[in-house]
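>>> need a structure here:
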Amino acid sequence: MSELDQIDFEIIAALRNNARMTNKELAEQVGLAPSSCLERVRYLRARNYIRGAHIEVDLAALGIGLQAMVAIRLAQHSRVGLEAFQQYVLSFSEVLQVYHLSGANDFMVHIGVKDAETLRDFVLDSFAERPEVAHIETAVIYEEVKNWNLVSPRD
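All right, here's what the predicted structure looks like:
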């Protein structure tokens, strides 16, 4: 196999949806013999198309009742400054993910907290007081819906 085909994309999509399924279940879902399916999964892992397996956590069950995306624009830009700020942001347990962006904002920070008051305090205390931060914009997440389907790229 030199390039991924439609079955490889089906395998990846199925595992994104349920990384705990057995090889037999996966093979049945994508229409392969279990031995062929296992060979393809090993190929995908060996070439880092598939890296690790993760569980999905119910944040509300852990007391995280509110999520938000915080757009942050820095006053000045340098590789060292961007990397230092990113490491600073990642030091907080409230930070679920960090995206370094192009465009008007430099970072999009996914936050998970107990409630709106906690969100306000976290943003003010953790970001607004930082001298390198020029602009902050916070958007509350009402609902999160994931698309587990993976479409193969078109030529």
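>>> what sits against the residue of the chain most remote from its centre?
Distance from the C-alpha centroid of the chain, by CA atoms, centre = their mean, peaks at residue 33 (31.9 Å). Going by CB atoms under 8 Å, 6 or more residues apart in numbering, residue 33 touches residue 27. Any C-beta I mention is one placed from the backbone N, CA and C, and that applies to glycine too.
>>> where does residue 20 fall, phi/psi-wise?
phi -100, psi 0 (degrees, to the nearest 10).
>>> And it, how close does it get to residue 121?
Using CB to CB, to the nearest Å, we find residue 20 at a distance of 37 Å from residue 121.
>>> Compare those two and say which is more crowded by neighbours.
Per other CB atoms under 10 Å, whichever of residue 20 and residue 121 has more neighbours is residue 121, with 11 against 8.
>>> which residues of the protein score low on pLDDT?
The chain contains residues with pLDDT under 70 at 1-2, 150-155.
>>> Domain-wise, how is it divided?
Structural domains of the chain, as assigned by automatic domain parsing, span the residue ranges 6-46, 60-141.
>>> starting at the chain centroid, how far to the first one?
Counting by CA atoms, centre = their mean, to the nearest Å, domain 6-46 is centred 22 Å from the centre of its parent chain.
>>> Reformat the domains of the chain as JSON lines; add distance to residue 147.
Below are the domains of the chain laid out as JSON lines (distance: least, CB to CB, whole Å):
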{"stretch": "domain 6-46", "distance to residue 147": "9"}
{"stretch": "domain 60-141", "distance to residue 147": "16"}
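>>> Could you work out which of those reaches nearest to residue 54?
Go through the domains of the chain one by one with CB to CB and the one that ends up closest to residue 54 is domain 6-46, at 6.8 Å.
>>> Now do the end-to-end distance for that closest one.
End-to-end span of domain 6-46 (CA to CA, to the nearest Å): 18 Å.
>>> Quick one: classify the residue nearest in space to the middle of the chain as helix, strand or coil.
In the chain, the centroid-proximal residue (CA atoms, centre = their mean) is residue 97; its distance is 6.3 Å. Following DSSP: H, G, I helix; E, B strand; the rest coil, the label given to residue 97 is strand.
>>> Just grab the bridge partners of it for me.
Residues in a beta bridge with residue 97, per DSSP bridges, are residue 110.
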